[in-house]
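**Student:** Compute the structure for the input listed below.
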Amino acid sequence: MLQAALLIGVGATVIMDLWGMLLRRLGIATLNFAMVGRWAGHLMKGRARHEAIAKAEPVANEVAWGWLIHYGIGVLFAVMLVGMVGEGWLGAPTLWPALAWG
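**Tutor:** Numbers count the residues shown, from 1 in each chain. I've put the predicted structure just below:
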């Protein structure tokens, strides 16, 4: 079950990232995952709230941390999806539970 959820989570996150790339090519601003990494880095130092995270002091490896967190959340969502719909769904998946949960 965990192997399937890992594949589903990574796959869905890749699709989301491809969509983000298309939006950026069309000139539409999308999330900068470095800011996620920056927020997480500050959280580890005890600070959870910022007026503007983009103005906060950068943290080491914030881009890598942001992408790891992004993909980790994707896998977590997939684990939760399979937990809600049951492992039987993996044998005959349907689109609606995944779309509703995503």
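
**Student:** any idea which helix or strand carries the residue positioned nearest the centre of the chain?
**Tutor:** What sits nearest the mean C-alpha location of the chain, by C-alpha atoms, centre = their mean, is His70, with 3.1 Å. Element membership of His70, judged by DSSP states H and E, is helix 62-85.

**Student:** any idea of the mean pLDDT in the helix or strand following that helix?
**Tutor:** Once the chain leaves helix 62-85, the next helix or strand it forms, by DSSP H and E, is helix 88-91. Model confidence over helix 88-91, given as mean pLDDT, is 93.

**Student:** which parts of helix 88-91 are buried?
**Tutor:** Neighbour-count burial for helix 88-91 flags no residue at all (criterion: 16 or more other C-beta atoms under 10 Å). (Glycine included, C-beta is placed from N, CA and C.)

**Student:** Centre of the chain to that helix, how far?
**Tutor:** Taking C-alpha atoms, centre = their mean, to the nearest Å, the mean C-alpha location of helix 88-91 is offset from the chain mean by 23 Å.

**Student:** Return the residues in contact with the closest residue to Ala56 other than its chain neighbours.
**Tutor:** With sequence-adjacent residues excluded and distances taken as C-beta to C-beta, 6 or more residues apart in numbering, Ala56 is closest to His50, at 5.0 Å. Contacts of His50 were listed using C-beta atoms under 8 Å, 6 or more residues apart in numbering, and they are 39, 42, 56.
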